[in-house]
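1. Predicted model and sequence follow; I will ask about them next.
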Amino acid sequence: MTTPPAGLRERKKQATRVALREAALRLAVERGPDQVRVEDIAEAAGVSPRTYNNYFASREQAIVSAVTADRETRIAAAVAARPAGTRLADAVTEAVVEQYTNTGEHEHRALLLITTRTALRDAFLDATAGIEPPLTAVIAERLGDAGPHTARVLAASVAAAVRIALEGWLQPAGNAGNAGGPGVGGLVVPSGSLPDRLRAALSPLAPAFDVSERRTRP
């Protein structure tokens, strides 16, 4: 049996991932998230449950992926695309705000579901960790000799700041002291301006970015 070229394998894997997350969102919208099984998603995407498990660890992860898909790489790409003279802190902040707030109807449907289920909200928040690897690479390229450890610390700090902003945005009104929120399945109405929350959470990192940039200058 001939092994397909690496490029073809990657395209097939990406197509399978897209099919799974699209099926997960469609079924969740039609039936409600609690009525969707991994087996249902796999069948709708035309793959086996075992194949499903190679891509996603839970149904919540697959549903959330419909809104978070490729966002991490898009943030890194947006930072890299900024003009060379752009302050790095500004480039990162604007890239994050842009990618988290410019959502289409497809992502909006997923976000509406996410606000209705605790497990989906948790998976949505956990997805912020994916920001670190691609952002580390682009920051390291900008900082050069500042070292990969600095880039990784900065990228991890960005991921943490984004999570904090989203947690505040999704905090149920009147439940600030209740870690469990309104209970499983409770509706959460996002509060405040998400762009403002993101900028506020990222602003304390600006001095660290500035110091790191200064170290790279002759």
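-> That came through fine.

2. Next up, the contacts around the closest residue to residue 136 other than its chain neighbours.
-> In space, and not counting its chain neighbours, residue 136 is closest to residue 155: 4.1 Å by CB to CB, 6 or more residues apart in numbering. The C-beta positions use only the backbone N, C-alpha and C, and glycine is treated the same way. Neighbouring residues of residue 155 by CB atoms under 8 Å, 6 or more residues apart in numbering: 131-133, 135-136, 139.

3. List only buried entries from the residues you listed.
-> 131-132, 135-136, 139 (16 or more other CB atoms under 10 Å).

4. Which ones among those map onto helices?
-> 132, 135-136, 139 (DSSP state H).

5. a markdown table for those, including distance to residue 190 and pLDDT?
-> Conversion of those to a markdown table gives the following (distance: CB to CB, whole Å; pLDDT from 0 to 100):
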| residue | distance to residue 190 | pLDDT |
| --- | --- | --- |
| 132 | 24 | 95 |
| 135 | 24 | 96 |
| 136 | 29 | 95 |
| 139 | 29 | 94 |
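
6. Go through those and say which is closest to residue 122.
-> residue 132 (18.3 Å; CB to CB).

7. so what secondary structure elements neighbour the helix-or-strand element of the chain with minimal mean pLDDT?
-> Here the helix or strand of the chain ranked lowest by mean pLDDT, DSSP states H and E is helix 105-114, holding a mean of 78. For helix 105-114, the packing partners by 3 or more CB pairs under 8 Å, 6 or more residues apart in numbering; DSSP states H and E come out as helix 6-31, helix 59-68, helix 118-126.

8. Residue 109 is nearest to which of the ones you listed?
-> Across the helices and strands packed on helix 105-114, closest to residue 109 is helix 6-31 (CB to CB), at 6.1 Å.
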